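Novice: no FASTA, just this:
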C-alpha cells in the first residue's frame, strides 16, 4: 500500500491541519487580500535525504486543491544545501495556511531519513541491519516508519498485532 493511499495518513494530515488552524488563520485572513496569489520555494538548508514530498503536497491540496505544488525531487533523493526541493503557487491565504504543517511534516520525515541513512552507511561494511522499533511519536508512526525505509533501513513490527515479541 502506498503511503498516501493509507487512510491513516489522510487522518493525520486532517488532524494536524485542524490543530494548527483552529477556528481560522486570523493573521492571514486580516492581512492578506482574498484574491492575492503567492509563490514560494522549498530550499534545502543543508545536505539531506528528502522524505515526505508527497505528504507535503497532500497538505497543500487538502487546504486548497487549486494550489500548484511542483516537486523537483522525490523521496529518497539526496539534495545539497541550496537546492530547490519544490515550488508552490496558489491563493496566498491557502498557501500560508498550509505551509507550516506541510514543512513540519516533511522536515521531520527528512530528518529521520537523513539520520537513518547516515547510520546505514556507517555499518555498510558489516553484516548488520538497521531496524526500527515502535518507539515512535504518537500518531506519526506511519510517517516515521516510512522515513526509516526511505533512509535505507528496515521496519520491525508496526503495531502490537503484527507479531509476537518475547
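Specialist: Alright, I've got the coordinates. Since the model is a prediction, treat every value here as computed from it, not as a measurement.
Novice: center of this protein, which residue is that?
Specialist: residue 106 (2.7 Å; Cα atoms, centre = their mean).
Novice: Contact partners for that one?
Specialist: 42, 50, 51, 52, 53, 55, 56 (Cβ atoms under 8 Å, 6 or more residues apart in numbering). The way it works is simple: take the backbone N, C-alpha and C, and place the C-beta from them, glycine included.
Novice: do the same with residue 94
Specialist: 60, 63, 64, 66, 67.
Novice: out of the residues you listed, which are buried?
Specialist: Among the contacts of residue 94, those classed as buried by 16 or more other Cβ atoms under 10 Å are 60, 63, 67.
Novice: Just name the closest of the residues you listed to residue 155, please.
Specialist: residue 60 (27.4 Å; Cβ to Cβ).
Novice: Please, where are all the strands along the protein?
Specialist: Assigned by DSSP state E, the strands in the chain fall at 37-43, 48-49, 68-71, 78-79, 84-91.
Novice: Helices - which of the buried ones among the contacts of residue 94 land there?
Specialist: Residues of those located in helices (DSSP state H): 60, 63.
Novice: how close does the nearest residue to residue 94 once chain neighbours are set aside sit to residue 13?
Specialist: Nearest non-adjacent residue to residue 94, counting by Cβ to Cβ, 6 or more residues apart in numbering: residue 64, 3.5 Å away. Per Cβ to Cβ, to the nearest Å, residue 64 is found 13 Å from residue 13.
Novice: Any regions of the chain where pLDDT drops low?
Specialist: Scanning the chain for pLDDT under 70 picks out 1.
Novice: which stretches of the protein form helices?
Specialist: 7-21, 26-31, 53-63, 92-122, 141-150.
Novice: got the buried residues for the longest one?
Specialist: Neighbour-count burial for helix 92-122 flags 92-99, 101-103, 105-114, 116-117, 120 (criterion: 16+ other Cβ under 10 Å).
Novice: again, but for the second one
Specialist: Using 16+ other Cβ under 10 Å as the burial criterion, the residues of helix 26-31 that qualify are residue 28.
Novice: Please work out how many residues are found near residue 56.
Specialist: Using other Cβ atoms under 10 Å, residue 56 has 28 neighbouring residues.
Novice: tell me the contacts of it?
Specialist: With the criterion set at Cβ under 8 Å, 6+ apart, residue 56 makes contact with 42, 69, 86, 102, 103, 105, 106.
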